[in-house]
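Enquirer: Predicted model, plus sequence, below.
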2 protein chains.
Amino acid sequence: MTLKLYELAGEDGTSNCPFVWRTKYALAQKEIVYAVETCGLVDIPQILGGKHRSIPVLVHDELEIGDSWLIAEHLDQIVPDSPSLFGSLGGKGVVRFFGNWLNGTILPALSSLYVLDLANRVRQEDRIYFRTSRESRMGQPLEQAVADREDRLPAVRARFEPLRQTLTASAFIGGDTPNYADYMAIGVLIWATSVATMPLFAKDEALLPWINRCLDLYNGLGRQIKLPGLT
Amino acid sequence: MTLKLYELAGEDGTSNCPFVWRTKYALAQKEIVYAVETCGLVDIPQILGGKHRSIPVLVHDELEIGDSWLIAEHLDQIVPDSPSLFGSLGGKGVVRFFGNWLNGTILPALSSLYVLDLANRVRQEDRIYFRTSRESRMGQPLEQAVADREDRLPAVRARFEPLRQTLTASAFIGGDTPNYADYMAIGVLIWATSVATMPLFAKDEALLPWINRCLDLYNGLGRQIKLPGLT
């Protein structure tokens, strides 16, 4: 097989393009020998008949692939006997990253919207502890902390964007089947939307099909709890 | 084996705790039968001798595990013949999520710091195109766009926090070995720090050992390019 990688070159003739570099690492892991062709930004409409709008482009025999993700998938397919670029051993660390993103970005944002609703759900004997610990952390009464929550809702919804993008490409975060990343995410959504007195999502929220798939898993495990604040 | 899950209960006796729910999903995938014990927030110091500071706690025979991530790892170990909660098929979707986070959170932030440095790296014949396309996108001259970049640097560094947390637990984002998530991330760092005239990271940046491990991969692939703006 003959492979050629079109790289984006700077003034010194080398490339620092992040999408080129991820492709070079993927080619290196797969131990693939390839030729390099450099071009500049304004050359892109001139190469390969102007069919590609960005670099890198990988040309494999007659096939041209003009997207770094599709290139990585292709490399996994043509060198299947070496470790996958995505799966196997690799999964766990990335799932851990997902959990860190969820706990650092989504959980505190939902807490800031629903801390008063959460306070009203805990047992009577837990209420003083819940309120005093949260108010001490936030430096203000719960009522004050959520007073502007409608204004903050659009920014909280925006935080889910990397998740929405991911779920346009696969049924679950884990891929065709769910994994612990899905469980972490649906757990956080169950927590917030089971108490929310202001709906978290709009009726046309793009995440809803995935949310419903998660709630249906394992004989409807997630249907055991009502989620009045979902939409 | 005998398993008991300590759940955090609200006033109605059920749990909406996100860390309990991710554990319930993990137990369901592994088809594990377990008993449930509910408790409230102020009960935590009273259960199991006060050894655990949070719920869930999984008690498996004599073993007590008081952290949901460690519980998931344990479940993978005791039911190894069913699909992993983390790896295999699942890896790919989560790697895709990582790429979406990187492209949506890190890449634009670095671009906002280094767009002028990037403009100075492209070929002479690309400079007019680079400058006009970026200035039109940002609605201001490149010089103005980066004028306050020192003030914005701490917030950009903070965006790497989920990555720092992940890399306290494993050598690579992929786990013990690197995968495409590592390649995407190091590619973005190469892109920015090869041109940066203001260092991206402090000398004691916690990501540096991982960055160096990545640059060393595949006979020092990443050492082919100088990164004067790394620290």
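Expert: Okay, I see it.
Enquirer: give me the low-pLDDT residue ranges for chain A?
Expert: Per-residue confidence for chain A (pLDDT under 70) gives these ranges: A:87-92.
Enquirer: so where do the strands sit in it?
Expert: Under the criterion DSSP state E, chain A carries strands at the ranges A:3-8, A:35-39, A:57-60, A:63-65.
Enquirer: Contacts for the shortest one, please.
Expert: I take that to be strand A:63-65. For strand A:63-65, the external contacting residues (CB atoms under 8 Å, 6 or more residues apart in numbering or on different chains) are A:48, A:51, A:52, A:57, A:58, A:59, A:71, A:74. In this view, the C-beta of every residue, glycine as well, is placed from N, C-alpha and C.
Enquirer: Just give me the closest of those residues to chain B.
Expert: Sorting these by how near they are to chain B, with CB to the nearest CB, puts residue A:71 at the top with 10.5 Å.
Enquirer: Contact partners for the closest one?
Expert: For residue A:71, the contact set (CB under 8 Å, 6+ apart) comprises A:23, A:26, A:56, A:58, A:65.
Enquirer: Identify the bridge partners of the last one.
Expert: Assessed by DSSP bridges, residue A:65 has beta-bridge partners residue A:58.
Enquirer: Please report how far it lies from residue B:181.
Expert: The gap separating residue A:65 from residue B:181 is 20 Å, by CB to CB, to the nearest Å.
Enquirer: More neighbours: which of those two?
Expert: A direct count of neighbours by other CB atoms under 10 Å in any protein chain shown for residue A:65 and residue B:181 places residue B:181 higher, at 31 against 19.
Enquirer: Just the buried residues out of the contacts of residue A:71, in PyMOL syntax.
Expert: This is how PyMOL selects the buried members of the contacts of residue A:71, with burial counted by 16 or more other CB atoms under 10 Å in any protein chain shown:
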select buried, chain A and resi 23+26+56+58+65
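Enquirer: farthest-separated two in the contacts of residue A:71?
Expert: Spatial extent of the contacts of residue A:71 (CB to CB) is set by the pair A:26 and A:65 at 11.9 Å.
Enquirer: one step back: tabulate the strands of chain A (CSV), appending distance to residue B:8.
Expert: Listed next are the strands of chain A as CSV, based on distance: least, CB to CB, whole Å:
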stretch, distance to residue B:8
strand A:3-8, 52
strand A:35-39, 56
strand A:57-60, 50
strand A:63-65, 49
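Enquirer: out of those, which comes closest to residue B:137?
Expert: strand A:3-8 (17.7 Å).
Enquirer: Let me know whether that closest one sits next to chain B.
Expert: No: interface with chain B: strand A:3-8 contributes nothing (CB under 8 Å from any CB of the partner chain), its closest point being 8.6 Å away.
Enquirer: got the contact list for that strand?
Expert: Identification of contacts with strand A:3-8 by CB under 8 Å, 6+ apart yields A:15, A:17, A:20, A:23-24, A:27, A:32-41, A:47-48, A:52, A:55-60.
Enquirer: ditto for stretch A:167-180
Expert: The list of residues contacting stretch A:167-180 from outside it, by CB under 8 Å, 6+ apart, reads A:91, A:95, A:98-99, A:163, A:166, A:181-182, A:185, A:206-207, A:209-210, A:213-214, A:217, B:22, B:25-26, B:29, B:72, B:83-86, B:89-94, B:96-97.
Enquirer: same question, stretch A:155-164
Expert: By CB under 8 Å, 6+ apart, the residues outside stretch A:155-164 that reach it are A:101, A:105-106, A:109-110, A:112-113, A:173, A:185, A:200-202, A:205-207, B:97, B:100-101, B:104-105.
Enquirer: So among the residues you listed, which ones count as buried?
Expert: Restricting those to buried positions leaves A:101, A:105-106, A:109-110, A:113, A:173, A:185, A:200-201, A:205, A:207, B:97, B:100-101, B:105, with burial counted as 16+ other CB under 10 Å.
Enquirer: nearest to residue A:147, of the residues you listed?
Expert: For the buried ones among the contacts of stretch A:155-164, the nearest to residue A:147 is residue A:113 (11.3 Å; CB to CB).
Enquirer: From chain B, how far off is that closest one?
Expert: Here the criterion is CB to the nearest CB, to the nearest Å. By it, residue A:113 lies 14 Å from chain B.
Enquirer: and the closest residue in space to residue A:192 that isn't next to it in sequence, what does it touch?
Expert: The spatial neighbour of residue A:192 that comes closest, neighbours along the chain excluded (CB to CB, 6 or more residues apart in numbering or on different chains), is residue A:110 at 4.1 Å. Taking CB under 8 Å, 6+ apart as the contact definition, residue A:110 lies against A:156, A:188, A:191, A:192, A:200.
Enquirer: For the residue in chain A sticking out farthest from the centre, give me its contacts.
Expert: Note on chain A: the largest C-alpha distance from the chain mean falls to residue A:125, namely 38.2 Å (CA atoms, centre = their mean). For residue A:125, the contacting residues are B:40, B:42, by CB under 8 Å, 6+ apart.
Enquirer: hmm, 10 Å instead?
Expert: The neighbours of residue A:125, taking CB atoms under 10 Å, 6 or more residues apart in numbering or on different chains as the test, are B:11, B:40, B:41, B:42, B:43.
Enquirer: now swap in residue A:114 and tell me
Expert: So residue A:114 contacts A:120-121, A:146, A:149, A:191-198, A:200, A:229 (CB under 10 Å, 6+ apart).
Enquirer: In helices only, show me those.
Expert: Members of the contacts of residue A:114 lying in helices (criterion: DSSP state H): A:120, A:121, A:149, A:191, A:192, A:193.
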